[in-house]
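In: What shape does this take:
(one chain, ligands or ions: 2)
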Amino acid sequence: MVSLSSIQKIGILGGTFDPPHIGHLKLASHFAKILQLDQLLLIPSGEPWQKGADITPAEIRFQLTEGAGIDLARAFLYLKIPTQIGVDRIEIERAGPSYSIDTAKSLRERFGPKASLTWLTGADSLIHLPSWNSWRDLFKYMNFAVASRPHCDLDTEMSPEIKEILKVRQVFDPAALINEPSGLIYVDESLSVDLSSTDLRNRLKTPAHDQIASEQIPTHTLEIITKLGLYQ
Ligand SMILES: Nc1ncnc2c1ncn2[C@@H]1O[C@H](COP(=O)(O)OP(=O)(O)OP(=O)(O)O)[C@@H](O)[C@H]1O
Ligand SMILES: O=C(O)c1ccc[n+]([C@@H]2O[C@H](COP(=O)([O-])O)[C@@H](O)[C@H]2O)c1
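Out: Ligands and ions are numbered 1, 2, ... in the order given. Next comes the predicted model:
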């Protein structure tokens, strides 16, 4: 469906996606709806430099993310969310550590100066943002939409640097992001999905792995995990 606004609204969900889970899809659906996104890009990291060495190869994580994209498209259809979904190879094809600043610059070139670009994250990512490469420059290229996450308390875990940046950039109405190409942060407290890739990888190693269901991992992702015998 064509958006009524002439400004293109793009949501970017970057992740290691090792594996993608329903927390990612709920985050994506929530923001696709409230930010009225025209497009949502799922971007698996090529080299997630902060995640240690024991990571599933990028091409496999890409396949798992494509599977999640199929489930997400079905959910959008059911929920009548008109956002287009793309699974993007931009970080897989770029050599070296996956820095979001490089992705942000490329996407700004791709979509032009007027598009509203919003990086979608969980609260843990906002807390760790000061450890990202050139993190302060990210706001020149994108907005941030941050979702709450269990076991992650923004009030107590935020560093003074993040508190400072929120004072300047935080908005309390998501509509502000729809009209602004970059520079704003919206924090949404309504999501509470107690799932993480780490926990699911650990559970997939145990004999109880066959109890993992489509409420935790998207059906098409789970099919690939089973077919390739991943995480055992
Ligand atoms: N349950 C969740 N609720 C809200 N946001 C989430 C949730 N799970 C992941 N995210 C967000 O999705 C993005 C990508 O997450 P990532 O692929 O690292 O998954 P993860 O579950 O955090 O993985 P891991 O357990 O390996 O750290 C991050 O911005 C993260 O904050
Ligand atoms: O740019 C950075 O330095 C940077 C550091 C850590 C994470 N990120 C990005 O943040 C997103 C979520 O990261 P992660 O590690 O929680 O999967 C993913 O797109 C990463 O590439 C980016």
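In: near ligand 1, which residues of the protein show up?
Out: With C-beta under 6 Å from any ligand atom as the criterion, the chain comes near ligand 1 at residues 15-18, 23-24, 27, 121-122, 124-125, 147, 149, 191, 193, 195-198. Every residue, glycine included, has its C-beta placed from N, CA and C.
In: can you do 8 Å?
Out: When proximity is defined as C-beta under 8 Å from any ligand atom, the chain approaches ligand 1 at 13-18, 20-24, 26-27, 45, 48, 51, 120-125, 147-150, 191-201.
In: now, which of those lie within helices?
Out: Among the residues of the chain next to ligand 1, the members falling in helices (DSSP state H) are 22-24, 26-27, 123-125, 197-201.
In: contacting residues around the nearest residue in space to Gln170 that is not next to it in sequence?
Out: Setting aside the residues directly before and after it, Gln170 is nearest to Ile185 in space (C-beta to C-beta, 6 or more residues apart in numbering), at 5.0 Å. The contact partners of Ile185, by C-beta atoms under 8 Å, 6 or more residues apart in numbering, come to Leu126, Asn143, Phe144, Ala145, Val146, Ile165, Leu166, Arg169, Gln170, Val171.
In: In a helix, the third one, correct?
Out: No - looking at Phe144 with DSSP: H, G, I helix; E, B strand; the rest coil, it is strand, so not inside a helix.
In: Give me the nearest residue to it, chain neighbours excluded.
Out: Ile185 (4.6 Å).
In: So that neighbour versus Ile178, what's the distance?
Out: Ile185 sits 14 Å away from Ile178 when distances are taken as C-beta to C-beta, to the nearest Å.
In: Which residue of the protein lies farthest from its centroid?
Out: Of all residues in the chain, Pro207 sits farthest from the chain's C-alpha centroid, using C-alpha atoms, centre = their mean; the distance is 29.8 Å.
In: And that residue, how close does it get to Ala115?
Out: For Pro207, the distance to Ala115 (C-beta to C-beta) stands at 48 Å.
In: where does the chain dip in pLDDT?
Out: 1-5 (pLDDT under 70).
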